[in-house]
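**Q** Sequence and predicted model, in that order:
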Amino acid sequence: MTIYDELVARGLIAQVTDENEIKTMINCGKATFYIGFDCTADSLTAGHFMALTLMKRLQMAGNKPIVLIGGGTTMIGDPSGRTDMRKILTIEDINHNAECFKRQMERFIDFSDGKALMINNADWLLKLNYIDLLREVGACFSVNNMLRAECYKQRMEKGLSFLEFNYMIMQSYDFYYLFKNYGCNMQFGGDDQWSNMLGGTELIRKKLGKDAHAMTITLLTDSQGRKMGKTAGNAVWLDPAKTSPYDFFQYWRNVDDSDVMKCIRMLTFLPMEQIEEMDKWQGSELNKAKEILAYELTKLVHGEEEAKKSLDAAKAVFGAGQNSADMPTTVLKDTDFNNGKINIVDMLVISSLAPSKGEARRLVMQGGVSVKDEKVTSIDLTFEKESFADGLILKKGKKIFHRFTL
């Protein structure tokens, strides 16, 4: 099976500009391709998995990836998939986030011996002269065509700022610049980036008279069509300080039965022959599939040791009595207590099991919190310090366990 056939079999390919040309290039290892990552946070998320694993697959097949850090485009903000304008970050914030991205990407991509490049588009976008850009690039874009792009259409009712309107031009210029200076002949990205990517191929054709290619990756959605990679309204981060390896493991361990095999196909590096056998699994066997999914992805992001710890902790929780040293733990400080007591709502917020006190109250009132296997029925429930001497385990929902100690 060629690498292109494997991408098709795994359900990764959404749209392509020229299938025969793209197939030939990546099967022969002749693609120099890029994917852009805007620095909107200080960690990558599970939502970036598709792009990172695609880059790894293609590099393993002999192609050369270019990781484009969006130090420049982040200053504008991508309107794709947004109902409102993104927060405008400072240059210092963007540079800090870019450094965090670099460290995480090295787990997926081999940058040794020129096998891959990491470039920041701030190096050229921040130096552009506005009038020169309008004359050189602006004349190549039709406003009518831009407004028909899905990323802009969905924002027209609530308002699209002129700042964001320029994003397509900036992303297109990136492709043009990388094509000229680095021999980059392909761009990959999420399916919601299609219009921006076509803008790049058109700019290259109009300015240089040459062909470049684009391919979009299928967005990772659940059976209800919602983007995966979030839990309780929060992103599932790749940074262990923001989402612990255990919580990361648990997110994938808890995916719906109808989504587990899709996730295994699209995100893991298990052989297709093994996946085809697993496709026949039903009933309780799907729990085993979820365990395999969680283990493989945790190993990919956090390493095999953390994956084994998370697996052991999960088995201990669901099997032999909820007593594992690897369970996520919050160590309470004296300042967390008021007159020697702490409220259940505060515990949920301190441990990040709820993003806010309002969300914590909602969880309790809806019966989503248990302590010592007893459902918490009051948002006024408090615990004295002595309750935590040997550790106290709180359960959120059906499958998320958390220990509190002093």
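**A** Thanks, I have it.
**Q** just for the stretch 201-350 of the chain, where's the confidence low?
**A** 230-234, 316-326 (pLDDT under 70).
**Q** Let me see the ranges of the strands in it.
**A** In the stretch 201-350 of the chain, the strands defined using DSSP state E, counting those that start in this stretch lie at 213-217, 230-231, 234-235, 329-331, 341-343.
**Q** for the ones you listed, which one ends up most surrounded?
**A** The highest mean neighbour count among the strands of the stretch 201-350 of the chain, using mean count of other C-beta atoms under 10 Å, belongs to strand 213-217: a mean of 22. No exception for glycine: its C-beta is placed from N, CA and C like everyone else's.
**Q** so what secondary structure elements neighbour it?
**A** Helices and strands touching strand 213-217, by 3 or more C-beta pairs under 8 Å, 6 or more residues apart in numbering; DSSP states H and E, are strand 13-16, helix 19-27, helix 49-60, strand 186-190, helix 194-208.
**Q** tilt between that strand and helix 49-60?
**A** Put simply, strand 213-217 runs at 130 degrees to helix 49-60, going by axes from the mean of the first three to the mean of the last three C-alpha atoms, to 10 degrees.
**Q** any idea of the pLDDT on Glu150?
**A** On pLDDT, Glu150 comes in at 66.
**Q** picking that back up, for the strands of the stretch 201-350 of the chain, give me JSON lines that also has distance to Ala294.
**A** Shown next, in JSON lines, are those (distance: least, C-beta to C-beta, whole Å):
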{"stretch": "strand 213-217", "distance to Ala294": "22"}
{"stretch": "strand 230-231", "distance to Ala294": "13"}
{"stretch": "strand 234-235", "distance to Ala294": "17"}
{"stretch": "strand 329-331", "distance to Ala294": "19"}
{"stretch": "strand 341-343", "distance to Ala294": "31"}
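**Q** Where do the domain boundaries of this protein fall?
**A** 3-217, 230-318, 329-405 (automatic domain parsing).
**Q** can you list the ones you listed in CSV and add distance to Gln224?
**A** Shown next, in CSV, are the domains of the chain (distance: least, C-beta to C-beta, whole Å):
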stretch, distance to Gln224
domain 3-217, 16
domain 230-318, 9
domain 329-405, 17
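**Q** among these, which is nearest Ser223?
**A** Ser223 lies closest, by C-beta to C-beta, to one member of these: domain 230-318, at 4.3 Å.
**Q** Return the set of residues that bridge with the closest residue to Ser370 other than its chain neighbours.
**A** Excluding its sequence neighbours, the residue lying closest to Ser370 (C-beta to C-beta, 6 or more residues apart in numbering) is Lys395, at 4.3 Å. Taking DSSP bridges as the rule, Lys395 bridges to Ser370, Phe401.
**Q** Make 46 the first number, not 1, from now on.
**A** OK, 46 is where the count begins now, so the last one is Lys440.
**Q** Helices of the stretch 46-195 of the chain, start to end?
**A** 48-54, 64-72, 94-105, 136-150, 167-170, 175-181, 188-193, 195-198 (DSSP state H, counting those that start in this stretch).
**Q** Pick the most buried one from those.
**A** helix 94-105 (a mean of 20).
**Q** chain center to that helix, what's the gap?
**A** The chain centre lies 13 Å from the centre of helix 94-105; the measure is C-alpha atoms, centre = their mean, to the nearest Å.
**Q** likewise stretch 294-302?
**A** Offset of stretch 294-302 from its chain centre (C-alpha atoms, centre = their mean): 15 Å.
**Q** and if you look at stretch 153-165?
**A** Worked out by C-alpha atoms, centre = their mean, stretch 153-165 lies 20 Å from the chain centre.
**Q** quick one: average confidence on that stretch?
**A** 91.
**Q** What does the pLDDT read for the closest residue to Thr85 other than its chain neighbours?
**A** Of all residues not flanking Thr85 in the chain, Thr119 sits nearest, at 6.2 Å (C-beta to C-beta, 6+ apart). Thr119 is assigned 82 on the pLDDT scale.
**Q** Neighbours of Thr119, how many?
**A** 25 (other C-beta atoms under 10 Å).
**Q** about what we covered before: I'd like the distance between the residue nearest to Ser415 and Leu103.
**A** Using C-beta to C-beta, to the nearest Å, Lys440 is found at 42 Å from Leu103.
**Q** what does Ser396 give?
**A** In terms of C-beta to C-beta, Ser396 sits 39 Å off from Leu103.
**Q** just Gly385 next, same as before
**A** Gly385 is 58 Å from Leu103, by C-beta to C-beta.
**Q** Lys287 too?
**A** 28 Å.
**Q** Go through the protein and flag its longest helix.
**A** helix 330-347 (DSSP state H).
**Q** and that one, C-alpha only, in CSV?
**A** The C-alpha coordinates for helix 330-347 follow below in CSV (Å, rounded to 0.1, in the frame of the first residue of the first chain):
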residue,chain,number,x,y,z
GLU,A,330,-14.2,-5.4,22.9
LEU,A,331,-14.7,-1.7,22.1
ASN,A,332,-13.5,-0.9,25.6
LYS,A,333,-10.3,-2.7,24.7
ALA,A,334,-10.1,-0.7,21.5
LYS,A,335,-10.5,2.5,23.5
GLU,A,336,-7.7,1.4,25.8
ILE,A,337,-5.4,0.8,22.8
LEU,A,338,-6.3,4.2,21.4
ALA,A,339,-5.6,6.0,24.7
TYR,A,340,-2.3,4.2,25.2
GLU,A,341,-1.0,4.8,21.6
LEU,A,342,-1.8,8.5,21.7
THR,A,343,-0.4,9.0,25.2
LYS,A,344,2.8,7.2,24.2
LEU,A,345,3.1,9.4,21.1
VAL,A,346,2.7,12.7,23.1
HIS,A,347,4.1,11.9,26.5
